[in-house]
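Asks: quick one, what's the 3D model for this:
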Amino acid sequence: MRPLSVRQIIWLIAIGPTLVAGAVLLALSERAAETIAEALTTRYIEDAQSRVRQQIDEYLRSAILQSDLMAAQIERGALNPSDLESWLVPCVTRLKSAPDIASITFGDIDGRVFWVVRTPEGYECAFKLDPIDGMLREHRVTVNTEEVGELLRASEFDTLGRPWYRAGAEAENATWSEVYSWVGGGTGRYAIGSSYARAISGPDGQLAGVLSVDVTLGALSDFLARVPIAEQGTLLLADEGGMLLASSDAPVLDSDGNRRSIEAAMLEIDARLDRSQERPLLSARHHGLLLGEPARYATVSMSAAGFDGLTLLIGIPEDYLFAGVARTRVRLLATGGIVIVVVGALSFVLSSSLAQRMRAVNTHVRAVSQGRFESRLDERGPSEWQILAGDLNRMAGDLETYVETQKGLEVAMEVQQALLPESVPDPDGLEVAGHSKYCDETGGDYYDFLERSQSGATGQLVAVGDVMGHGIAAALLMATARAALRAHAPTSGTLGRLMTRVNDVLAADARHGRFMTLSILLFEPGDRSVRWASAGHDPALVVDPVSGEVSELEGGDMPLGVAEGVEYQEYSQAGLPEGALVLIGTDGVWEMSNESGEMYGKDRLLHVLAGTRGKSSQHVIDAIERDLVEFRGGASVKDDVTFVAVRFR
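Replies: Have a look, this model is predicted:
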C-alpha cells in the first residue's frame, strides 16, 4: 500500500476533524432541539391551562353570582316561590344583565315549575302551575313589556326527574349538575350545558324547591379555537369520564345530541398517540401524530368555580416546535461548509475548540434550566467567547435574581392579603360590607374593621386608607400604618388623637418620600351617629334611605407622613335616619378609566348609590363592583380599588 502523501495527510488533518466536529455539533443540536421542544411544550401547556382555567372560572362564576343573588331575594321575600307568575320580570332582568347565563328555572316539591330561557329571538318562558294537569306551557316573552306572550308549545314535563332538580335536592350545598344536552326551544339545535342548582327551604326549614341557573358550554369551544396554540394544534376539554365539554376542532355532540368521547374526537381530527409506553390517555405526555404529522401531546387536570374533574388535552405539531431550531441547523451547516473551504488546515483546532465550548454552553444552559444558577462558564479565550460567556454568566445571575424577586412578590402578596380582614363583622344595629382589589401583586390600599368600647358605648371602628402609588413600597407603608393603628386604637381616646399617633409613626421616618391618606370612622348604632377623623382622605358619602340624596361627612386634616407634630381633629354627626348608608372608598374608584380614557367619576358613583337606596350594604357593594366592571370594559386596572359600606339597621 502506498503511504499517504503529505497533501492527503494535511487534508485528513484539516477536513477529518472538521467533519467529526460537525457531526458532534449536529448531535448537540439534536439534544438542544429536544430540550427546547420540551421547554416550549411546557410553556405552551402552562399558557393554555392558565387561559382556559381563567375563562371557565369567569364564565361559571356569573351563574354562581346570580344564583346567590336570587337566593338572597327569596330569603328576603322579594321572590315568592308560591307565586311563580311574579318571577317573569325579575328573571328576564337578570338574564339581560348576565349574558353568559342561558336560563333561570325554579321547581317546587309538588312538580310546579317556571323558567325563563334566552333564545336567538329574545326570551321565552314556561309555566307548569297545576301539578295534576302535568302540562308545561311555553310562551314567548313580549319584547319591551316583558309580559307573557303567545303560546308556543305544550308538553308533558317531569320536574322532579330533571338533572338540575335532582342535583339541587340531593346536595347539601349549591352544586353543578351533570353536563347534559337539550334541544333549544323551537330551534331544533342541540346545546350542552350545566345547571348551578341549589335547594330552597321553606319557612319550616324543609325543602320547598330547587333554583337552577343554567349556562351553555358552546362558547368554551369558541374560546378554545381562539387560544393561540389552536392555530397550529388542537385543544380538547373533557370531564372526568372522558366525555367532551369543548373542542377547538371537532364537534362536541353527535347528530343525535349525545356528547362524544375524547377518543372519538381525536379520531375525527386524525390525532393519534403512541401507545407503546402503555400510558393512559388522560394522565401523561405522549408522542403521536396530528393530521398525519409528528406531534406532542399533554394532558393537565384542573378545576374552576366548583366544577371539578376537568381534563385539558393539548396537541402541538413538532414542526411548530422545531421551526426555529431547523433554521438554526441550516445556518450551522452553511457556516461549517464555509469553514471547511476557507479555513482548511485550521478546522481541526477550531472545530475541537468550538465543540468543547459548545458542550460547555449546553452544560451551562442545562444546569441553569434545572435551577443551578451558580453554574458559570470559563470566560478565558477569544474576545468573542469572553463576551458570550460573560453575557451568559450575567444572564444566569439575573435569572436567579428574577426568580427570587418573583418568589418574594408571591410571598409579599400572601402576607399583604393576610393583613386585610378575612370576614366582615356583624355588629348589632349595623350592616357592614367591604371590597378591595389590587392592580399589582401588592398594593397601597387598606381597609380594616376594629371593635372599640368607649364610655360604656359599643361601636364599630372602620378604617380606609390609600398610600401614594402601589407596589412593594406602598404595601410596606400600608403595613406600617395598619400596625400603628391597631397598636394605638385601644388607648388613644379620641379618633383625632389616634390619627395623631399614627402620623407620628409614619412621619418619624419620611425618607421614603411617600404619604398616605386615611379615614377612621366610629359607627355607634345606639344613637345612629358617626365620629370620624380624616387625614387628607376623600369624605365619606351618606345616602338617605328615603330620598336617595347623597351628602358628605366633611372635615379633615393633611395626609399622614407629610410632617411631624400635626394635631388631628375628631368630627361627628348624630341622628342619622334608620337605614342610612355610609360609603367610604379610595380614589381608585372614581378615577378608574375605560378604554376611551374616560374616568368613572363621582357622578356615576352617586347615581349607583341613589339607585340602591334602602338596599343592604352587600347589595350596594355588588352594584358598584358590577358598574365598575361594565364601565372599564377591556381597559386595564391602573390603581387599587377599595370601598366599604356601613348601613344603620
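
Asks: give me the three-state assignment for Leu244.
Replies: With DSSP: H, G, I helix; E, B strand; the rest coil as the basis, Leu244 sits in strand.

Asks: gap between it and Leu310?
Replies: Distance, Leu244 to Leu310, by Cβ to Cβ, to the nearest Å: 11 Å. The C-beta positions use only the backbone N, C-alpha and C, and glycine is treated the same way.

Asks: shared neighbours, those two?
Replies: Listed as contacting both Leu244 and Leu310 by Cβ atoms under 8 Å, 6 or more residues apart in numbering are Leu237, Ala238.

Asks: higher neighbour count, those two?
Replies: Leu244 (25 against 19; other Cβ atoms under 10 Å).

Asks: what about the strands in the stretch 451-600 of the chain?
Replies: Assigned by DSSP state E, counting those that start in this stretch, the stretch 451-600 of the chain shows strands spanning 457-467, 516-524, 529-535, 540-543, 550-553, 571-573, 581-585.

Asks: pLDDT (mean, whole number) over the fifth one?
Replies: If I follow you right, that is strand 550-553. The average pLDDT within strand 550-553 is 93.

Asks: for Ser86, see how far away Gly614 is.
Replies: Applying Cβ to Cβ, the value for Gly614 to Ser86 is 20 Å.

Asks: do the same with Glu146
Replies: In terms of Cβ to Cβ, Glu146 sits 12 Å off from Ser86.

Asks: neighbour count winner among those two?
Replies: A count of neighbours by other Cβ under 10 Å puts Glu146 above the other of Glu146 and Ser86, at 18 against 12.

Asks: ok so that one is a helix residue?
Replies: No - with three-state DSSP as the criterion, Glu146 is assigned coil and is not in a helix.

Asks: so who does it touch?
Replies: With Cβ under 8 Å, 6+ apart, Glu146 has these contacts: Leu88, Val89, Val92, Thr93.

Asks: same question, Ser177
Replies: Residues in contact with Ser177 (Cβ under 8 Å, 6+ apart) are Pro163, Trp164, Arg166, Ala167, Gly168, Ser194, Ser195, Tyr196, Ala197, Ser212.

Asks: any chance of the backbone angles for it?
Replies: Main-chain dihedrals, Ser177, degrees, to the nearest 10: phi -80, psi 170.

Asks: for Ala174, same thing?
Replies: phi -60, psi 140.

Asks: list the contacts for the residue nearest to Gly536 when sequence neighbours are not counted?
Replies: Nearest non-adjacent residue to Gly536, counting by Cβ to Cβ, 6 or more residues apart in numbering: Pro559, 3.4 Å away. Shown in contact with Pro559 (Cβ under 8 Å, 6+ apart): Phe515, Met516, Thr517, Leu518, Ala535, Gly536, His537.

Asks: buried only: go through the residues you listed for me.
Replies: Buried members of those, counted by 16 or more other Cβ atoms under 10 Å: Phe515, Met516, Thr517, Leu518, Ala535, Gly536, His537.

Asks: residue nearest the centroid of the protein?
Replies: Centroid-nearest residue in the chain, with Cα atoms, centre = their mean: Gln54, separated by 5.0 Å.

Asks: need the three-state assignment for that one.
Replies: Per three-state DSSP, Gln54 ends up helix.

Asks: pretty sure Phe223 is in a helix, no?
Replies: Yes - assigned with three-state DSSP, Phe223 falls within a helix.

Asks: and the gap between it and Ser181?
Replies: Distance from Phe223 to Ser181, by Cβ to Cβ: 19 Å.

Asks: ok, Leu495 next?
Replies: In this structure, Leu495 and Ser181 are 61 Å apart, going by Cβ to Cβ.

Asks: who has more neighbours, these two?
Replies: Ranked by neighbour count (other Cβ under 10 Å), Leu495 and Ser181 place Leu495 first, with 26 against 17.

Asks: can you count the residues close to the closest residue to the more buried one other than its chain neighbours?
Replies: When the adjacent residues along the chain are set aside, Leu495 lies closest to Ala533, with 4.0 Å between them (Cβ to Cβ, 6+ apart). Counted with other Cβ under 10 Å, the neighbours of Ala533 add up to 25.

Asks: my read: Thr311 touches Thr299, true?
Replies: Yes - the pair Thr311 / Thr299 is scored as a contact, 5.6 Å apart, by Cβ atoms under 8 Å.

Asks: the helices in the stretch 301-450 of the chain, which residues?
Replies: In the stretch 301-450 of the chain, the helices defined using DSSP state H, counting those that start in this stretch lie at 318-342, 347-369, 383-419.

Asks: pick out the shakiest of those helices, pLDDT-wise.
Replies: Averaging pLDDT over each of the helices of the stretch 301-450 of the chain puts helix 318-342 lowest, since it has a mean of 68.

Asks: thinking again about what came up before, could you export the strands of the stretch 451-600 of the chain as a markdown table, including distance to Val505?
Replies: Converted to a markdown table, the strands of the stretch 451-600 of the chain look like this (distance: least, Cβ to Cβ, whole Å):
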| stretch | distance to Val505 |
| --- | --- |
| strand 457-467 | 13 |
| strand 516-524 | 11 |
| strand 529-535 | 12 |
| strand 540-543 | 24 |
| strand 550-553 | 25 |
| strand 571-573 | 22 |
| strand 581-585 | 22 |
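
Asks: which one of those strands has the lowest average pLDDT?
Replies: For these, the weakest mean pLDDT is recorded on strand 457-467, namely a mean of 85.

Asks: okay, the angle between that one and strand 516-524?
Replies: Strand 457-467 and strand 516-524 are oriented at 160 degrees to each other (axes from the mean of the first three to the mean of the last three Cα atoms, to 10 degrees).

Asks: listing partners with orientation, what would you give for strand 457-467?
Replies: When pairing is defined by DSSP bridges, strand 457-467 lines up against strand 445-454 (antiparallel), strand 516-524 (antiparallel).

Asks: mind checking how far that strand is from the chain centre?
Replies: In this view, strand 457-467 has its centroid 29 Å away from the chain centroid, taken as Cα atoms, centre = their mean, to the nearest Å.

Asks: list the buried residues for it?
Replies: Those would be Gly459, Gln460, Leu461, Val462, Ala463, Val464, Gly465, Asp466, Val467, for strand 457-467 by 16+ other Cβ under 10 Å.
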